[in-house]
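S.K.: Mind folding the following:
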Amino acid sequence: ALGGRNSGSLRDLLKGYGIPALPPVAVRWVNGVPVGFIGLVTQTTPGIVTSEGIKDLRFVDEVKAANVASKLLRLVGVKAQVVLMHEGDQVTPGRSPDACSAQPGAGNRIATQVDPEVDMILSGHSHQAYLCEVTDPAGGTRLFSQGGSFGRVITKVDFRVDVRTRDVVRSSVVADNQVVTRTVVPDPEIAAFVQTWKERVAPVANRPIGRITADVTNAAAPSGESSLGNLIADGQLAASRSGGDARIALMNPGGVRASLTYAGSPAGEGDGVVTYGEAFTVQPFNNLVQVITLTGAQLKTVLEQQFPGGPNAQPFTKILQPSSNLTYTYSTGAAWGSKVSDLKIDGVAVTDTQSVRVAVNNFLVGGGDAFAEFTKGTDVWSGPLDIDAFAAYLAANPTITPPAPTHITVVP
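M.R.: Down below sits the predicted model:
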């Protein structure tokens, strides 16, 4: 369908754009009418995934990518167009998932600027639910929505397509952010599939690997650190002291996916027991623990990069979870570059010129989460997988009391 008389137009369309690594569009026929779906991924991808996984790829502006894909669909006669994008906005707290509570950001920019041929934009990235109607560049209105994260809210969209023009009748679009409950009857086929794999992994998942005296949560303290984040960092430090000569460890907060509860899961072995399955739920990414050398000044820059501002363009504050032997102070009111002070390791002040061996996962080593300063680290040492380091630490410390998240002091 893309050859013949349209091939010249296609070459012109892709000129200066590059060849997509994956098909940018998909077409589905519904009741005899083609509907085109355009896939977009945030151009900030290099800052939120492991660098090794995207080497040789270039992430272009989302609006530019969408417009090329829209024109590609028009070349083959597809007028009903839907954008599905991995990008989204933050919301005003406390609003209904059906409200247009999105605060204009990267998602809104894309939704208002992509080609007027696009009929609706369904987003997913910021884990916030909203339903909005925005204005396209031609003055028309179109849907811009996002469901909730982890399947908790799903956007249902109903609309009509004119069989003569084969385009969406935008006045017919009705969207609803439906809250997903557990009161529905499970699909038998899916339930059977899940149960099969639960049974297959049970011998490993239900294996006890440690014990805790109380809940160890990933809930952030006012400083931004958490008990579980500190515990994971301590585990990574323990796993990399001998082979990697690590002095401290830092863990990205987004990688701590769940809390460890004292009661445990229904498959657990009793109160306080931590199973491998529970630990894996906390750290499911299979990142490598690595150690790099930073100067004291570079380490301070890393900590400055936790905050919006500066050259790293951090979208919002992301406090790295420190090992228990790392302490410092940050000021909420100070300018970027001057926020962090009183940086100490084992109670000893860190100087700008000293070398510090820092244990982090390979996601951060590659500059993930907009921590670009980590990429300047030298003498990389690779150790175990993060889940293996965590499991080993729990096994080596048979009864763990939740660490107090008091290693970071906050001042005005």
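S.K.: The strand or helix carrying residue 392 packs against which elements?
M.R.: Element membership for residue 392, per DSSP states H and E: helix 386-396. Helices and strands touching helix 386-396, by 3 or more CB pairs under 8 Å, 6 or more residues apart in numbering; DSSP states H and E, are strand 208-212, helix 227-244, helix 276-282, strand 288-295. Placement of C-beta: from N, CA and C, glycine included.
S.K.: any idea which of those is most buried?
M.R.: Highest mean neighbour count among these (mean count of other CB atoms under 10 Å): helix 227-244, with a mean of 24.
S.K.: Can you tell me, leaving aside adjacent residues, what's nearest to residue 100?
M.R.: The shortest distance from residue 100 to any non-neighbouring residue, by CB to CB, 6 or more residues apart in numbering, is to residue 132 (3.9 Å).
S.K.: ok now do the one you found, which residues does it touch?
M.R.: Residues in contact with residue 132 (CB atoms under 8 Å, 6 or more residues apart in numbering) are 100, 102, 108, 111, 143, 144, 145.
S.K.: nearest to residue 191, of those?
M.R.: residue 145 (28.8 Å; CB to CB).
S.K.: wait, that closest one sits on residue 174?
M.R.: No: Residue 145 is not in contact with residue 174 according to CB atoms under 8 Å; the separation is 11.5 Å.
S.K.: Could you tell me which residues touch both of these two?
M.R.: Residues touching both residue 145 and residue 174 (CB under 8 Å, 6+ apart) are residue 157.
S.K.: low pLDDT regions in the chain?
M.R.: For the chain, the stretches with pLDDT under 70 are 1-16, 264-270.
S.K.: For residue 337, which non-adjacent residue is spatially closest?
M.R.: Of all residues not flanking residue 337 in the chain, residue 304 sits nearest, at 5.8 Å (CB to CB, 6+ apart).
S.K.: partners of the residue nearest to residue 100 in the sheet?
M.R.: residue 144 (DSSP bridges).
S.K.: contact partners of the helix or strand hosting residue 65?
M.R.: Using DSSP H and E, the element containing residue 65 is helix 62-75. By CB under 8 Å, 6+ apart, the surrounding residues in contact with helix 62-75 are 2, 6, 9-10, 13-14, 17, 24-25, 27, 36, 38-43, 79, 81, 83, 85, 87, 106, 109-110, 113-115, 117-118.
S.K.: Just those residues: which are in strands?
M.R.: Judged by DSSP state E, strands contain the following of the contacts of helix 62-75: 25, 27, 36, 38, 39, 40, 41, 81, 83, 85.
S.K.: Backbone dihedrals for residue 375, both of them.
M.R.: The phi/psi pair for residue 375 (degrees, to the nearest 10) reads phi -70, psi -10.
S.K.: now that we're looking at the nearest residue to it once chain neighbours are set aside, which residues does it contact?
M.R.: Closest residue in space to residue 375, ignoring its immediate chain neighbours: residue 367 at 4.4 Å, by CB to CB, 6+ apart. Counting by CB under 8 Å, 6+ apart, residue 367 makes contact with 46, 47, 51, 374, 375.
S.K.: Tell me how many other residues crowd the closest residue to the third one other than its chain neighbours.
M.R.: So the one you mean is residue 51. Excluding the flanking residues, the one nearest residue 51 by CB to CB, 6+ apart is residue 366, at 3.2 Å. For residue 366, the count of nearby residues is 22 (other CB atoms under 10 Å).
S.K.: just checking, residue 366 touches residue 54?
M.R.: No: in this structure, residue 366 is not within contact of residue 54 by CB under 8 Å, at 9.1 Å.
S.K.: gap between residue 328 and residue 341?
M.R.: According to CB to CB, to the nearest Å, residue 328 stands 7 Å off from residue 341.
S.K.: for residue 134, same thing?
M.R.: Residue 134 is 43 Å from residue 341, where distance means CB to CB.
S.K.: try residue 99
M.R.: Residue 99 sits at a distance of 41 Å from residue 341 (criterion: CB to CB).
S.K.: on that earlier part again, looking at residue 134 and residue 341, which one has more neighbours?
M.R.: Comparing residue 134 with residue 341 by other CB under 10 Å, the one with more neighbours is residue 134, at 20 against 14.
S.K.: Alpha carbons of the helix or strand harbouring that one, in PDB - could you do that?
M.R.: Assigned by DSSP H and E, residue 134 belongs to strand 130-135. Taking Å, rounded to 0.1, in the frame of the first residue of the first chain, the C-alpha atoms of strand 130-135 are listed here in PDB:
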ATOM      1  CA  TYR A 130      -8.000  13.100  33.600                       C
ATOM      2  CA  LEU A 131     -10.500  13.800  30.800                       C
ATOM      3  CA  CYS A 132     -10.000  17.000  28.800                       C
ATOM      4  CA  GLU A 133     -11.200  18.600  25.600                       C
ATOM      5  CA  VAL A 134      -8.500  20.600  23.900                       C
ATOM      6  CA  THR A 135      -8.300  22.800  20.800                       C
END
